[in-house]
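pasting the sequence and the predicted coordinates here, then a few questions.
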Amino acid sequence: MAAIQSIHISGYQERLEPKAHTVYQIDVRGHVRSWSIWRRYLEFDDLHVELVKGVGSPPPAPLPPKHKYSILRSHNDPALLEERKSGLETYLRVIINAKEDKWREAFAFKEFLEVPIGQQQQGGVFGGPPTQFTLTSWLDEHQELQSRLQDVCADINKREALSDQGNVGASHKSNVSAKQKLAVAHGARSHLNDE
């Protein structure tokens, strides 16, 4: 998916129609333009099923699990929504930055992100290998890499704080998140070094 330079889930919103549900705002940045789309968890789940069926194997990152709600946690619990938002963003970023392009090149994935048809063959670290970087595109890719590394540092700091508080489970989740983001950043860095 050559058009994608970066992807970020910037927020979520409660919708009441047809029945109460949460949608996530996905901000996509390409070489020429940026756009935002709204997707609910059910659509991510459908995408995952289509990718497994169409490609023959699951994407390299797991889809965050569905949560069972209880009296203590509702579907609009901010902690639950933030956790899911982070997991969904990691899911999309890992697909975009995977060494193999079979998931990001799948029609279902392009349709999910509403990639403009004319934008699908341009190249870029976060969307596939470019034929050649321009100075501007290399700097854009470098800036995106720096942003990803800042996310890794934030997760590591969060892990340390949670560990100091004795919250082993949450500390482990932050550690796993940091490792996943670091793996994605490492792949992108190697592409930038090749240029």
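Received, thanks.

can you pull out the low-pLDDT segments for the chain?
1-3, 67-75, 117-134, 136-137, 187-195 (pLDDT under 70).

next SSE downstream of the strand ranked longest in the chain?
In the chain, taking DSSP state E as the definition, the longest strand is strand 4-15. Proceeding N to C from strand 4-15, the next assigned helix or strand is strand 21-30, under DSSP states H and E.

can you list the strands that that following strand pairs with?
Next to strand 21-30 in the sheet, as set by DSSP bridges, lie strand 4-15 (antiparallel), strand 34-40 (antiparallel).

among these, which comes closest to residue 176?
Residue 176 lies closest to strand 4-15 among these, at 17.8 Å (Cβ to Cβ). Yep, even glycine has a C-beta here, placed from its N, CA and C like the rest.

ok, and what's touching that closest one?
For strand 4-15, contacts defined as Cβ atoms under 8 Å, 6 or more residues apart in numbering pick out 20-31, 36, 38, 40, 76, 81, 85-86, 88-89, 92-93, 96, 104, 113, 115, 124-127, 137, 140-141, 144, 147.

rewinding a little: got the CA coordinates for the longest strand of the chain in PDB?
Below are the C-alpha coordinates for strand 4-15, written out as PDB (Å, rounded to 0.1, in the frame of the first residue of the first chain):
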ATOM      1  CA  ILE A   4       0.400   5.300   3.300                       C
ATOM      2  CA  GLN A   5       3.200   7.200   5.100                       C
ATOM      3  CA  SER A   6       1.700   7.000   8.600                       C
ATOM      4  CA  ILE A   7      -1.400   5.900  10.400                       C
ATOM      5  CA  HIS A   8      -2.700   7.000  13.800                       C
ATOM      6  CA  ILE A   9      -5.900   6.400  15.700                       C
ATOM      7  CA  SER A  10      -6.500   9.800  17.200                       C
ATOM      8  CA  GLY A  11      -9.700   9.300  19.200                       C
ATOM      9  CA  TYR A  12     -13.000   7.600  19.600                       C
ATOM     10  CA  GLN A  13     -16.600   8.600  19.800                       C
ATOM     11  CA  GLU A  14     -19.900   7.100  21.100                       C
ATOM     12  CA  ARG A  15     -22.600   6.800  18.400                       C
END
